[in-house]
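**Student:** Everything below, folded, please.
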Amino acid sequence: WKDEKGITHYGDSLPPQYSNRENSLISKQGIIIQQNKIPDPQQESSSEQLQTAQTKKDKALLGTFSSAEEIDLTRERNLEPELLAMKNLQQDRSDSLKKHGKIKTLAETYNKTKEPLPADLKEALTVSQEEIAKIDQKILVRQKTIDEITLRFDEDKKRYLYLRKKNAQAD
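**Tutor:** Reported below is the predicted structural model:
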C-alpha cells in the first residue's frame, strides 16, 4: 500500500487506515493477485462537470426553441451574412479572373512577337495571381464557417428532437 506521502509499504496485512487507498495483494512469488484502485475524484468531477454542462445546454435548447422549424430559421438567419459575404467573394474572384485574363492576353501578345515582357506587366501578372489566391483563401475560410454553423444547428436540432421525444415519452 501507499501512505499519504506516496511511500510504498509491504506487509502481511493492510492497516485499516489505508483501506481507502490504492493497494495490491502480492503472492509469495511477487505476482500481483489483486489490485484495488481508488477512483480519481478529479476524473469523477470532470465527468460530473460534463453531465452538468450537457444538462444546462439541454435546458437552454428547450427554453430557446419551441419547434424544430425555429432552429431551422435561426440557422438561416445565422448563415445569411456568411452567404452574402461568400457571394461577394465569388464576385470579387470573377472580377479578378477577368482582370487576370486581360493581363494574360496582353502578355501573350508580347510572347507571340517574341518581345520581352515589360517589368510592369510581369508585376501585374504576379499581383493578379496573388489576388486570386487570397480571394480563394478567404472563400475557403468562409465556407468552413458556413459548414460549422450548419453542423452546429443540425446537431442542436437532432438533440432538440431527441429531448422533445424523451420528454413526451416521460409524460
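**Student:** Tell me where the protein has strands.
**Tutor:** Residue ranges of the strands in the chain, as given by DSSP state E, are 23-26, 32-36.
**Student:** Against which helices or strands is the longest one packed?
**Tutor:** So that's strand 32-36. strand 23-26 (3 or more Cβ pairs under 8 Å, 6 or more residues apart in numbering; DSSP states H and E). Where you see a C-beta, it was placed from the backbone N, CA and C, and this is true even at glycine.
**Student:** in its sheet, what does the strand it packs on sit against?
**Tutor:** Looking at strand 23-26 with DSSP bridges, its partner strands are strand 32-36 (antiparallel).
**Student:** Quick check: phi and psi at the residue of the chain most remote from its centre.
**Tutor:** Here the chain reaches farthest from its C-alpha mean at residue 113, the gap being 54.0 Å by Cα atoms, centre = their mean. Backbone torsions of residue 113, given as degrees, to the nearest 10, read phi -90, psi 0.
**Student:** Just want the most central residue of this structure.
**Tutor:** residue 148 (7.8 Å).
**Student:** That residue and residue 141, how far apart?
**Tutor:** For residue 148, the distance to residue 141 equals 11 Å [Cβ to Cβ, to the nearest Å].
**Student:** same question, residue 149
**Tutor:** Residue 149 is 13 Å from residue 141, where distance means Cβ to Cβ.
**Student:** Using CSV, lay out the strands of the chain together with distance to residue 156, mean neighbour count and mean pLDDT.
**Tutor:** As requested, these are arranged in CSV below (distance: least, Cβ to Cβ, whole Å; neighbours: other Cβ atoms under 10 Å; pLDDT from 0 to 100):
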stretch, distance to residue 156, mean neighbour count, mean pLDDT
strand 23-26, 46, 14, 72
strand 32-36, 43, 10, 71
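**Student:** Identify whichever of the ones you listed lies nearest to residue 124.
**Tutor:** Closest to residue 124 of the strands of the chain is strand 32-36 (Cβ to Cβ; 73.6 Å).
**Student:** quick one: the helices in the protein?
**Tutor:** 41-64, 68-112, 119-170 (DSSP state H).
**Student:** Which secondary structure elements does the first one sit against?
**Tutor:** In other words, helix 41-64. Going by 3+ Cβ pairs under 8 Å, 6+ apart, helix 41-64 lies up against helix 119-170.
**Student:** relative to helix 68-112, how tilted is the helix it packs on?
**Tutor:** With axes from the mean of the first three to the mean of the last three Cα atoms, to 10 degrees defining the directions, helix 119-170 sits at 160 degrees from helix 68-112.
**Student:** Give me the angle between helix 119-170 and helix 41-64.
**Tutor:** Using the same axes, to 10 degrees: helix 119-170 against helix 41-64 is 90 degrees.
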